[in-house]
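# The following block contains a protein sequence and its predicted model.
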Amino acid sequence: MSGLNKQGSRYLKSNQCITKSCDELECEIGISSMCIYPGDTISGITNMTYRRSVPLIVLQALILQWGLLYFLSSLLVPRAELHKDFEPLPHSIVFIAIYLHFLNCMQELPYSWQLFHHLPDLHTNLPDLFLFGGVIILDGFVVPLVSFTLGALYLCTSRTIGDVILNAVAVAFIHDIDNWILGLNTRANLLAGKVSVRTIHIPINRPAMRQFVWSVVYIPVVPILMSSSFCFIGFQVLKL
């Protein structure tokens with residue numbers, strides 16, 4: 001039983017935690033979910049430990065993600081430098097696209113926050129704590145933030161409404177690349193006969209999640225503020 005399972009089990013009777021299938025968690029948040037396991041546990045049919053398999057998947061995903069983000073950033077050129085004659089793009093359609101892009105990038109944030117918050121309960125080994133903590137920080141916070149920032153600015157470079165829609169689809173998948181790699185790994189393990197049903201007890205954080213829902217979902221102050229800010233930066237400051 002993992003550290004978080006042990007800690008979460010204390011809240012099980014009082015309904016202070018949720019019970020989640022590990023396979024379902026992997027589908028929802030990707031590589032960050034692999035950080036819940038002890039580093040010396042066998043990760044799959046290759047008999048590699050999570051201490052070795054997680055960095056290999058993370059490295060592959062980061063190379064692909066940062067490669068795409070790098071080339072995307074190279075396209076952030078003022079509109080007037082690329083096209084002498086251009087029609088102003090309605091800011092409203094870009095605002096909507098950036099808003100949706102923000103929601104997409106923030107999908108995994110609640111899980112990432114909880115896993116990072118309880119990371120010391122998962123790993124008492126200091127090297128594992130730094131390794132898996134770094135993975136959660138990169139996958140759960142840094143990549144979504146950078147993907148949102150560059151993707152939002154890239155949406156401001158769209159020339160037509162059709163371009164906005166196509167570009168919104170293009171930037172939507174970047175932070176899911178690690179999930180695709182992990183999905184292939186999961187299917188390969190399943191077809192090799194490695195079937196195991198594991199669950200984990202994750203302590204709940206009602207106050208933080210209540211604030212998150214109010215400010216992002218019901219009264220969307222955060223997405224509106226972020227979308228408006230990047231529209232202003234993209235069109236008025238950078239002249240994209």
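Noted; the coordinates are in hand. Numbering: from 1, shown residues only.
# Contact partners for the closest residue to Leu89 other than its chain neighbours?
Using Cβ to Cβ, 6 or more residues apart in numbering and skipping residues adjacent in sequence, the residue nearest Leu89 is Ser158, 6.2 Å away. For glycine as for every other residue, the C-beta is placed from the backbone atoms N, C-alpha and C. Contacts for Ser158 (Cβ atoms under 8 Å, 6 or more residues apart in numbering) come out as 89, 94, 97, 164, 167.
# Make a markdown table out of those and add distance to Leu56, neighbour count and pLDDT.
Formatted as a markdown table, those follow (distance: Cβ to Cβ, whole Å; neighbours: other Cβ atoms under 10 Å; pLDDT from 0 to 100):
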| residue | distance to Leu56 | neighbour count | pLDDT |
| --- | --- | --- | --- |
| Leu89 | 42 | 20 | 79 |
| Val94 | 38 | 25 | 93 |
| Ala97 | 34 | 25 | 94 |
| Val164 | 37 | 20 | 92 |
| Asn167 | 32 | 22 | 91 |
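# Can you tell me which of these is nearest Arg52?
Set against Arg52, the nearest of the contacts of Ser158 by Cβ to Cβ is Asn167 (37.5 Å).
# longest helix in this protein, by residue count?
helix 50-73 (DSSP state H).
# which helices and strands does that helix pack with?
On a contact count with 3 or more Cβ pairs under 8 Å, 6 or more residues apart in numbering; DSSP states H and E, helix 50-73 meets helix 126-137, helix 143-155, helix 177-191.
# Following the chain past the last one, name the next helix or strand.
The one in question is helix 177-191. Following helix 177-191 in sequence order, the next helix or strand is strand 199-203 (DSSP states H and E).
# For that next one, list every residue counted as buried.
Within strand 199-203, the residues that count as buried by 16 or more other Cβ atoms under 10 Å are 200-203.
# want to try CSV for the contacts of Ser158, with distance to Ile29 and secondary structure as columns?
Shown next, in CSV, are the contacts of Ser158 (distance: Cβ to Cβ, whole Å; DSSP: H, G, I helix; E, B strand; the rest coil):
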residue, distance to Ile29, secondary structure
Leu89, 34, coil
Val94, 29, helix
Ala97, 24, helix
Val164, 28, helix
Asn167, 25, helix
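# Run through the chain and note the low-pLDDT ranges.
Along the chain, segments meeting pLDDT under 70 span 1-16, 82-87, 195-197.
# now for the strand or helix carrying Ser227, which elements pack on it?
Using DSSP H and E, Ser227 sits in helix 221-232. Other elements packing on helix 221-232 under the criterion 3+ Cβ pairs under 8 Å, 6+ apart are helix 91-105, helix 143-155.
# looking at those, which is closest to Ser228?
So among those, helix 91-105 is nearest, using Cβ to Cβ, at 7.0 Å.
# Just the CA atoms of that closest one, as PDB, please.
The C-alpha trace of helix 91-105 is given here as PDB (Å, rounded to 0.1, in the frame of the first residue of the first chain):
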ATOM      1  CA  HIS A  91     -11.300  40.200 -30.700                       C
ATOM      2  CA  SER A  92     -14.400  38.400 -29.400                       C
ATOM      3  CA  ILE A  93     -13.600  35.200 -31.300                       C
ATOM      4  CA  VAL A  94     -10.000  35.200 -30.100                       C
ATOM      5  CA  PHE A  95     -11.200  35.800 -26.500                       C
ATOM      6  CA  ILE A  96     -13.500  32.700 -26.800                       C
ATOM      7  CA  ALA A  97     -10.700  30.600 -28.200                       C
ATOM      8  CA  ILE A  98      -8.300  31.700 -25.400                       C
ATOM      9  CA  TYR A  99     -11.000  31.000 -22.800                       C
ATOM     10  CA  LEU A 100     -11.500  27.500 -24.100                       C
ATOM     11  CA  HIS A 101      -7.700  27.000 -24.300                       C
ATOM     12  CA  PHE A 102      -7.400  28.000 -20.600                       C
ATOM     13  CA  LEU A 103     -10.100  25.500 -19.500                       C
ATOM     14  CA  ASN A 104      -8.300  22.800 -21.500                       C
ATOM     15  CA  CYS A 105      -4.900  23.500 -19.900                       C
END
